[in-house]
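Undergrad: okay, here's the prediction I keep looking at, along with the sequence it came from:
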Amino acid sequence: MHMKFSSSASYRAQIILSLGLAFVFTWFGVDKMVRPLYWIGWIPPSFEGLLGLSRGSWLTVIGFVEILLASGLIVQRVTIQRATCI
């Protein structure tokens, strides 16, 4: 038996998934900056010196990009919510 979701249930699910993903990206991005020793092993040794950056610097760049991705997910949700209210 197939259940048909209403559009509001689908919309709520998208919001929950977007916010959940934003939370994870924020958590990992901040954690990379706060506790770099836990994450440095995930950066390949071949990144050392790439574009003149150390592996630690690459870790900071990746953490910053993750925080930007999280911000983009949150802003997109806020923008879509405002557009639907108009």
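TA: Nice, thanks for sending it over. Bear in mind that the values here come from a model prediction, so they are computed numbers and not experimental data.

Undergrad: flag the shaky bits of this protein, pLDDT-wise.
TA: The chain contains residues with pLDDT under 70 at 1-6, 77-86.

Undergrad: swap in 90 and give it another go.
TA: 1-19, 47, 69, 72-86 (pLDDT under 90).

Undergrad: can you map out the strands along it?
TA: Shown for the chain, no strands are assigned by DSSP state E.

Undergrad: now for it: which helix has the highest residue count?
TA: Secondary structure of the chain read by DSSP state H shows that its longest helix is helix 55-85.

Undergrad: elements contacting that helix?
TA: When contacts are defined as 3 or more CB pairs under 8 Å, 6 or more residues apart in numbering; DSSP states H and E, helix 55-85 sits against helix 7-34, helix 36-39. For the C-beta atoms, the positions are set from N, CA and C on the backbone; glycine is no exception.

Undergrad: in JSON lines, list those helices along with mean neighbour count.
TA: As requested, the helices and strands packed on helix 55-85 are exported to JSON lines (neighbours: other CB atoms under 10 Å):
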{"stretch": "helix 7-34", "mean neighbour count": "14"}
{"stretch": "helix 36-39", "mean neighbour count": "13"}
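
Undergrad: save those helices as a markdown table, and put in distance to residue 65 too.
TA: Conversion of the helices and strands packed on helix 55-85 to a markdown table gives the following (distance: least, CB to CB, whole Å):
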| stretch | distance to residue 65 |
| --- | --- |
| helix 7-34 | 8 |
| helix 36-39 | 13 |
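
Undergrad: now the angle between helix 7-34 and the longest helix of the chain, please.
TA: Helix 55-85 and helix 7-34 meet at an angle of 160 degrees, taking axes from the mean of the first three to the mean of the last three CA atoms, to 10 degrees as the criterion.

Undergrad: buried ones in helix 55-85?
TA: Under the neighbour-count criterion of 16 or more other CB atoms under 10 Å, helix 55-85 has 55, 58, 59, 62, 63, 66, 67, 70, 73, 74, 77 buried.
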